[in-house]
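Asker: please find the sequence and the predicted model below.
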Amino acid sequence: MKNSVLVLLSLLLFACQQGNQQSAQSEDLSKNTPKGQASVVDEESALNILQLAVKTNDLSTLVAAVQAAEIEHVLVNAGPLTVFAPVNSAFEALPPGTVEELLKPENKAKLAAILINHAAPSTYKGRLLKDGRKIYMASG
Amino acid sequence: MKFLLKHIAIAFIISAGLLISACGSGGSGNSGALNKTAAEKVFVAPGEWDSHYAFVSGGFSGQLAVYGIPSGRLFKVIPVFSVDAEKAWGFNEETKPMLTTSHGFIPWDDSHHPDISQTKGELDGRWVFINANNTPRIARISLETFETEEIIEIPNSAGNHSSSFVTENTEYVVAGTRFSIPIPQRDMSIKEYKGNFKAALSFLKVDPETGHMNIDFQILMPGFDYDLSHPGRGKSHGWFFFSTYNTEEANTLLEVNASQNDKDFIAAINWKKAQEYVKAGKFKTMSAKYTHNIYENSTHSATSKMETSVRVLDASKLPGLVYLMPTPKSPHGCDVDPTGEYIVGSGKLSASLTVHSFTKMQQAIKDKNFDGEAYGIPILKFDATLAGTVQQPGLGPLHTEFDGRGNAYTTFFISSEVVKWKLGTWEVLDRKPTYYSVGHLMIPGGNSGKPFGKYMIAMNKITKDRYLPTGPEVCQSAQLFDISGDKMELLLDFPTVGEPHYAAGIPAEKIIKRSKKFFKLEENKHPYSVTSEAETKVVRDGKNVHIYMTMIRSHFSPDNIEGIKVGDRVYFHVTNLEQDYDVPHGLGVIGAKTSELLIMPGQTETMVWEPKKPGVWPFYCTDFCSALHQEMQGYIRVSPRNSKVKLSWSLDGE
Amino acid sequence: MKQFIYGTLLLSVFLFIACGSDDSAKKGAKAGGNNSGLTDFQLKNGIGPITAKLTLGEIDVAKVKKGADLFVQKCSPCHKLDKRLVGPALRYVSFRRTPEYILNMILNPTGMVKDHPEARKVLGEYLSPMTDMHLTPDQAKEILEYIRSVGKEGKENNIPEVPLFRSSAK
């Protein structure tokens, strides 16, 4: 009996402490979800663009670039987006040093702009890519 | 014993500690008024009131939800375009006419853009207008009763999306059309869309006293898709602006085919000119069938009237009525700043925002600075109206609202964020992520001449991991930001009813004084109402039996009814005799193939019940009304068709 | 052991009171000679818009007629003259209560039931709080005249009184 009373009291105490912690918490609630949709854990649904890219060996450079540019959440948005994904060999075909240069933190914005230029809003299945049809990239 | 004492002492110390912290917490919150935490900013203590109302559309629920801001508490869901069994909307005899259309009774629609009535460019808190997207209609909701009072159907329209926005004195509520269609409707090949399909933009005049709407005129436009619209205000009062896409006039796979043109248009409509043309008789009267439904608070009943014609002005034949401002890449949002000078076009497929200047537009019209025409409507030169461009603020821009301090806030769907930028310099000031895929945003009064720029709500389409999982469908949400400082601050996110497509907000003090508390019995003009128990009766008219019933805490009168026969159609006409605030009563009858009734004090509602079997069937009050609510019940005896049981009714044997 | 638990409970109760006593302390200070917090006038004549004694003359026949109609419209769903229904039988209410009390009860039933000890006692018996019918003071006075006239009529014809409380019926 005595024990249960003590437990009750300590519970109350705990509740109070929690309250204190909360008011001491940081102002910026957006820090609760730093990355946006890319941080959603879901192992059952069909893979989104980002997950697919991560699983594709030949896109490892692209994935590294997407992460460096911090545009992961753009790629997992409801979109619809069609990404014209450059494979690793495409990056290798660039002049030596280009990729390394773009991956530097100070070039983040530039890299993001280049990558977004490879993403088109809407779903372009193969047969829709006809001659003469214009495609707008997410960058406009 | 010693042991025990020791423990009591410990308990005391702990309790005392608790007490101090509990009692002291109120004071510590006040110490840093400027540094209040997000939790403190949204906390509305039990019993206290929120400072603002938010009227959030339910999207595919067809309704309008009322929330308190900043707490995010849900107060009420006002049924508008969809039936609501809780409130008997579309189920009782009184409200069925409200959902009647030229296609017959329709139990559902998709409600999108609420807008609050204005006087002199400021929200006046009298009515909320909202559009039905699917079967085009505009509804007017009273902010005295928080009930839908009027629904008018829009002919020659399909996908009523660029609606229902009001001009600065609520002269008009305006409805556009997303789909172009054959006007008048006829059987023709879809492939012949281009050049043959047309769009109608409707201007509904609003009676300044009653709020009653009627279609003053429609403007016949080329077969584009009209996405959103907003009124000019201040210096641009008298104009209305519509964003367009699919200027390609594609009729299939718009996902791709409607983004072939580099620029679509914002259509600027001079509605004062339109009024002149109407006055001069330059309209064509088209026959068109559309319903006009009005709910009267005196009869507590709605009537549905079929209108038969509409006046149409042809934009391609009437000079000076419409001008087209080229705007890059399928503009979606079309928002006008509080001064009326800037018109912001958000090209969905552009990463930049295009801002037009009303002053420059006027000059370009004067100088005839045209870049060709479309179906006889002049296209203004892009540079001639351009005020500026917000360069690359984000991906997938949709909608913009304003805080009245020279700042604009735009949502970006693809990059899931709200970006704050400065009107005039076009520089980006701040950005905050949303969770996730934001559509509209709302600042109370943010699309009027006088915004109340303290709070902003972003409405999100996808929430994924933000809440406890509830199966494959997760609620959509609203996110509340404090925008009173230099940087936006996220305060709260809360789940919403249906799709929170768009919202309208207003300070609470503009509404609370007028909110109705009960309906006066003396003013009840319902044909089947009775205002005292002495008048209650049951009347047979062939197979129809009308029960004139009353209810008051905590009984029905009559509550014993006999002489009903199988095959009768029984009308329960029930009047709530209460004359007190917040005392509705309900009625449920066993086997009734309809909803309950929920009757406000002083109101009369009618339920139809068709008994199929002999027996003694109970009915009861469904709204927990009093301590003796469980006693509020009655019996109705149903006899075989050939029975000789006489019609009789009583309460307590009298 | 038991003592210990009671001790703790008591302590908690005490602490709660200490914390939340603001309201009751204020009420106590407002109280006059009695502990209900009401003035003697209010105790006798009710709480509401009638705050001074009225002078009543002879029964006003014109008002009685209007009052009778109002009684049917507004009161009869819950009150009969000689039968206990949702609320008390009312024939002799003008002998039980002062005219001012009756008027305050009609005009301010919510406040009466909340704050007046007599009205609370009646609510305890009948359980349904009296409904505010939003009558004007003039309408209430017409009902009062009707009540006075049926009371007089009852005495003249020896109509028995239906007791206010069931316990007092014995």
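Answerer: Structure received. A quick note: this is a predicted structure, and the numbers were derived from the prediction, not measured.
Asker: okay, now the unreliable bits of chain A?
Answerer: A:1-35, A:140 (pLDDT under 70).
Asker: if we use 50, what do you get?
Answerer: For chain A, the stretches flagged by pLDDT under 50 are A:1-26.
Asker: ok but residue C:154 is inside a helix, no?
Answerer: Yes: counting by DSSP: H, G, I helix; E, B strand; the rest coil, residue C:154 is found in a helix.
Asker: report how many residues lie close to it.
Answerer: Applying other C-beta atoms under 10 Å in any protein chain shown, we find 17 residues neighbouring residue C:154. Bear in mind the C-beta positions are built from the backbone N, C-alpha and C, glycine included.
Asker: state the distance from it to residue B:294.
Answerer: Residue C:154 sits at a distance of 51 Å from residue B:294 (criterion: C-beta to C-beta, to the nearest Å).
Asker: check residue B:439 too.
Answerer: 32 Å.
Asker: so residue B:140 makes contact with residue B:127?
Answerer: Yes: between residue B:140 and residue B:127 there is a contact under C-beta atoms under 8 Å: 5.1 Å.
Asker: more neighbours: the two, which one.
Answerer: The residue with more neighbours, out of residue B:140 and residue B:127, is residue B:140; 26 against 22, by other C-beta under 10 Å.
Asker: is that one in a helix, a strand, or coil?
Answerer: Under three-state DSSP, residue B:140 comes out as strand.
Asker: find the nearest non-adjacent residue to it, please.
Answerer: In this structure, residue B:140 finds its nearest non-sequential neighbour in residue B:150, 4.3 Å apart by C-beta to C-beta, 6 or more residues apart in numbering or on different chains.
Asker: state whether that neighbour is indeed within a helix.
Answerer: No: counting by three-state DSSP, residue B:150 is located in no helix; its state is strand.
Asker: got the contact list for it?
Answerer: Each residue near residue B:150 by C-beta atoms under 8 Å, 6 or more residues apart in numbering or on different chains is listed here: B:139, B:140, B:211, B:212, B:213, B:292, B:293, B:294, B:295.
Asker: what do you get for residue B:548?
Answerer: B:528, B:529, B:530, B:535, B:536, B:537, B:538, B:539, B:573, B:575.
Asker: those, buried ones only, as a ChimeraX selection?
Answerer: Here is the ChimeraX selection string for the buried members of the contacts of residue B:548, based on 16 or more other C-beta atoms under 10 Å in any protein chain shown:
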select /B:528,529,530,536,538,573,575
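Asker: mind listing which of the contacts of residue B:548 are in strands?
Answerer: When the contacts of residue B:548 are checked against strands (DSSP state E), the matches are B:537, B:538, B:539, B:573, B:575.
Asker: show me the helices in chain A, by range?
Answerer: Along chain A, counting by DSSP state H, helices occupy A:2-24, A:49-55, A:60-69, A:72-75, A:88-92, A:98-102, A:108-116.
Asker: show me where pLDDT drops low in chain C?
Answerer: C:1, C:4-5, C:7-32, C:169-170.
Asker: can you tell me the element residue B:130 falls in?
Answerer: strand B:122-132 (DSSP states H and E).
Asker: which residues of the stretch 451-600 of chain B lie near chain C?
Answerer: Within the stretch 451-600 of chain B, the positions adjacent to chain C are B:518, B:520, B:531-534, B:550, B:552-555, B:557, B:577-580, B:583 by C-beta under 8 Å from any C-beta of the partner chain.
Asker: overlap in contacts, residue B:140 and residue B:127.
Answerer: Shared contacts of residue B:140 and residue B:127 (C-beta under 8 Å, 6+ apart): B:149, B:211.
Asker: picking that back up, distance of the residue nearest to residue B:140 from residue B:604?
Answerer: Distance of residue B:150 to residue B:604, given as C-beta to C-beta: 20 Å.
Asker: again with residue B:477
Answerer: 39 Å.
Asker: which helix or strand contains the residue nearest the centre of chain C?
Answerer: With distances taken as C-alpha atoms, centre = their mean, the residue of chain C nearest its centroid is residue C:119 (3.5 Å). Secondary structure assignment for residue C:119, by DSSP H and E: helix C:117-126.
Asker: quick one: that helix to chain centroid distance?
Answerer: Relative to its parent chain, helix C:117-126 has a centroid offset of 7 Å by C-alpha atoms, centre = their mean, to the nearest Å.
Asker: not counting sequence-adjacent ones, nearest residue to residue 80?
Answerer: As the question left the chain open, I've gone with chain A. Once flanking residues are discounted, residue A:80 sits nearest to residue A:123: 4.6 Å by C-beta to C-beta, 6+ apart.
Asker: I was thinking of chain C, sorry if that wasn't clear
Answerer: That would be residue C:89: by C-beta to C-beta, 6+ apart, it lies 6.0 Å from residue C:80.
Asker: so what pLDDT did the nearest residue to residue A:42 once chain neighbours are set aside get?
Answerer: Nearest non-adjacent residue to residue A:42, counting by C-beta to C-beta, 6+ apart: residue B:464, 7.4 Å away. Residue B:464 is assigned a predicted lDDT (pLDDT) of 87.
Asker: for residue B:464, what are phi and psi?
Answerer: phi 40, psi -100 (degrees, to the nearest 10).
Asker: and it, how many neighbours does it have?
Answerer: 19.
Asker: quick check, residue C:142 in contact with residue C:70.
Answerer: Yes: assessed by C-beta under 8 Å, residue C:142 is found in contact with residue C:70 at 5.9 Å.
Asker: tell me which of residue B:477 and residue B:604 has more neighbours.
Answerer: Applying other C-beta under 10 Å to residue B:477 and residue B:604 shows that residue B:604 carries more neighbours, namely 29 against 24.
Asker: quick one: that one from chain A, how far?
Answerer: To chain A, residue B:604 is 47 Å away according to C-beta to the nearest C-beta, to the nearest Å.
Asker: can you list the domains in chain C?
Answerer: C:1-30, C:38-169 (automatic domain parsing).
Asker: got these as TSV, with distance to residue B:279 columns?
Answerer: Supplementary listing: these in TSV, determined by distance: least, C-beta to C-beta, whole Å:
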stretch	distance to residue B:279
domain C:1-30	65
domain C:38-169	48
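Asker: most neighbours per residue, which of those domains?
Answerer: Among those, ranked by average contacts under mean count of other C-beta atoms under 10 Å in any protein chain shown, first place goes to domain C:38-169 (a mean of 17).
Asker: quick one: distance of that one to the chain centre.
Answerer: Centroid displacement of domain C:38-169 relative to its chain, using C-alpha atoms, centre = their mean, is 8 Å.
Asker: and for residue 58, the neighbour number?
Answerer: Using chain A. Using other C-beta under 10 Å, residue A:58 has 13 other residues around it.
Asker: chain B is the one I meant
Answerer: A count of neighbours around residue B:58, defined by other C-beta under 10 Å, yields 27.
Asker: surely it and residue B:109 touch.
Answerer: No: the criterion here is C-beta under 8 Å, and residue B:58 misses it with residue B:109 at 10.1 Å.
Asker: common neighbours of the two, please.
Answerer: When contacts are counted by C-beta under 8 Å, 6+ apart, residue B:58 and residue B:109 have residue B:82 as shared neighbours.
Asker: could the contacts of residue B:150 be laid out in CSV, adding pLDDT?
Answerer: CSV is the format used below for these (pLDDT from 0 to 100):
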residue, pLDDT
B:139, 98
B:140, 98
B:211, 98
B:212, 98
B:213, 98
B:292, 98
B:293, 98
B:294, 98
B:295, 98
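Asker: so which of those residues sit within helices?
Answerer: Residues of those located in helices (DSSP H): none.
Asker: which one of those is nearest chain C?
Answerer: Nearest to chain C among the contacts of residue B:150, counting by C-beta to the nearest C-beta, is residue B:295 at 23.5 Å.
Asker: bridged to the closest one, which residues?
Answerer: Beta-bridge partners recorded for residue B:295 (DSSP bridges): residue B:302.
Asker: what comes up buried for stretch B:331-347?
Answerer: B:331-347.
Asker: export that stretch as PDB, just CAs?
Answerer: Once non-C-alpha atoms are left out, stretch B:331-347 reads as follows in PDB (Å, rounded to 0.1, in the frame of the first residue of the first chain):
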ATOM      1  CA  PRO B 331      -0.100  30.200 -63.400                       C
ATOM      2  CA  HIS B 332      -2.100  28.800 -60.500                       C
ATOM      3  CA  GLY B 333      -2.400  31.400 -57.800                       C
ATOM      4  CA  CYS B 334      -3.500  34.900 -58.800                       C
ATOM      5  CA  ASP B 335      -3.300  37.100 -55.800                       C
ATOM      6  CA  VAL B 336      -3.700  40.900 -55.400                       C
ATOM      7  CA  ASP B 337      -1.900  42.800 -52.700                       C
ATOM      8  CA  PRO B 338      -3.700  44.900 -50.100                       C
ATOM      9  CA  THR B 339      -3.100  48.200 -52.100                       C
ATOM     10  CA  GLY B 340      -4.400  46.700 -55.300                       C
ATOM     11  CA  GLU B 341      -1.200  47.600 -57.200                       C
ATOM     12  CA  TYR B 342       0.400  44.100 -57.500                       C
ATOM     13  CA  ILE B 343      -1.100  41.000 -59.100                       C
ATOM     14  CA  VAL B 344       1.100  37.900 -58.300                       C
ATOM     15  CA  GLY B 345       1.000  35.000 -60.700                       C
ATOM     16  CA  SER B 346       2.500  31.800 -59.500                       C
ATOM     17  CA  GLY B 347       3.500  29.700 -62.500                       C
END
